[in-house]
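Peer 1: Structure for the following, please:
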Amino acid sequence: MISAVCFINAELGEEIKVRREVGMFQGVKRVVELFGEYDLLVLIKADDLRQVDFIIDSIRKIEGVKATKTFIEAEY
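Peer 2: Model prediction:
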């Protein structure tokens, strides 16, 4: 199981719409609204990196998403 965190910058006024759409993706466990540099924090659990990539690509295609930054948990 892979864990990842994705920070999202949304267009002004689109945060709630983006949050709703992101929350519907399989593998997204939580979406948190933020104040500061990023608007949303997304917690992801996926079976493999391919699924993480699919989720992030899907997030980037949502109208109102300006940019994303993703961090994948390191496992040793």
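
Peer 1: For residue 46, list the residues it contacts.
Peer 2: 1-2, 4, 27, 52, 55 (C-beta atoms under 8 Å, 6 or more residues apart in numbering). For every residue, glycine as well, the C-beta is placed using N, CA and C.

Peer 1: so is the closest residue in space to residue 72 that isn't next to it in sequence in a helix, a strand, or just coil?
Peer 2: Leaving aside its chain neighbours, residue 72 sits nearest to residue 4 (4.7 Å; criterion: C-beta to C-beta, 6 or more residues apart in numbering). With DSSP: H, G, I helix; E, B strand; the rest coil as the basis, the three-state label of residue 4 is strand.

Peer 1: hmm, back to that, ok, of the contacts of residue 46, which come out buried?
Peer 2: 2, 4, 27, 52, 55 (16 or more other C-beta atoms under 10 Å).

Peer 1: can I get those residues in TSV with distance to residue 13?
Peer 2: TSV is the format used below for those (distance: C-beta to C-beta, whole Å):
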residue	distance to residue 13
2	32
4	27
27	27
52	28
55	24
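
Peer 1: Dump stretch 6-19 to PDB, restricted to CA.
Peer 2: Provided in PDB are the C-alpha atoms of stretch 6-19 (Å, rounded to 0.1, in the frame of the first residue of the first chain):
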ATOM      1  CA  CYS A   6      -1.100  16.100  -2.600                       C
ATOM      2  CA  PHE A   7      -1.300  19.800  -2.100                       C
ATOM      3  CA  ILE A   8      -3.600  21.700  -4.500                       C
ATOM      4  CA  ASN A   9      -3.700  25.300  -5.600                       C
ATOM      5  CA  ALA A  10      -7.200  26.100  -6.800                       C
ATOM      6  CA  GLU A  11      -8.600  29.100  -8.700                       C
ATOM      7  CA  LEU A  12     -10.100  31.700  -6.500                       C
ATOM      8  CA  GLY A  13     -13.700  30.700  -5.600                       C
ATOM      9  CA  GLU A  14     -13.300  27.200  -7.000                       C
ATOM     10  CA  GLU A  15     -12.000  25.600  -3.700                       C
ATOM     11  CA  ILE A  16     -15.300  24.000  -2.600                       C
ATOM     12  CA  LYS A  17     -16.000  22.600  -6.100                       C
ATOM     13  CA  VAL A  18     -12.500  21.100  -6.400                       C
ATOM     14  CA  ARG A  19     -12.700  19.700  -2.900                       C
END
